[in-house]
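S.K.: structure of the sequence below:
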Amino acid sequence: QVQLVESGGGSVQAGGSLRLACAVSGLTYSSYCMGWFRQAPGKEREGVASVISNGRTNYADSVKGRFTISRDNAKNTLYLQMNNLKPDDTAMYYCAAGESLLLREGWYNYWGQGTQVTVSS
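M.R.: Below is the predicted model of the structure:
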């Protein structure tokens, strides 16, 4: 059974930092592209960042220079370091396992339940 379990969400003030983690089990982790997506209330889910096993990454323009995605293939864990957070970053954050660095939901097969990030001004 494939499981993706996110952690690390919370409430911070603008300018603060959070580090999200996603523990993955039930699949060959190193074979998958891993991504972070987010969904704010009333908005569609959007891609944030993705990474493949060799470390190549892709970021949404809105988070470039502020967020860093990384993965530990030995621990089957995905991370998202979020710095200089803004109120617009408030959303439910999901990790996903898929087939492409492209930040589109259709490329991702497995999803976690999400962790909430709230940024106050």
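S.K.: dihedrals phi and psi, residue 105?
M.R.: As for residue 105, its main-chain torsions (degrees, to the nearest 10) stand at phi -60, psi -40.
S.K.: what's the closest non-adjacent residue to it?
M.R.: On the basis of C-beta to C-beta, 6 or more residues apart in numbering, the spatially nearest residue to residue 105 that is not a chain neighbour turns out to be residue 45, at 6.3 Å. To be clear about C-beta, it is placed using only N, CA and C from the backbone, and glycine gets the same treatment.
S.K.: wait, that neighbour sits on residue 104?
M.R.: No - under the criterion of C-beta atoms under 8 Å, residue 45 makes no contact with residue 104, lying 10.2 Å away.
S.K.: count the neighbours of residue 34 for me.
M.R.: Summarising burial for residue 34: neighbours were counted as other C-beta atoms under 10 Å, giving 30.
S.K.: got a list of what the residue positioned nearest the centre of the chain touches?
M.R.: Taking C-alpha atoms, centre = their mean, the centroid of the chain lies closest to residue 36, which sits 2.3 Å from it. Residue 36 sits next to 20, 22, 47-50, 69, 78, 80, 93-96 when contact means C-beta atoms under 8 Å, 6 or more residues apart in numbering.
S.K.: from these, which is closest to residue 63?
M.R.: Here the nearest of these to residue 63, counting by C-beta to C-beta, is residue 48; it sits at 5.7 Å.
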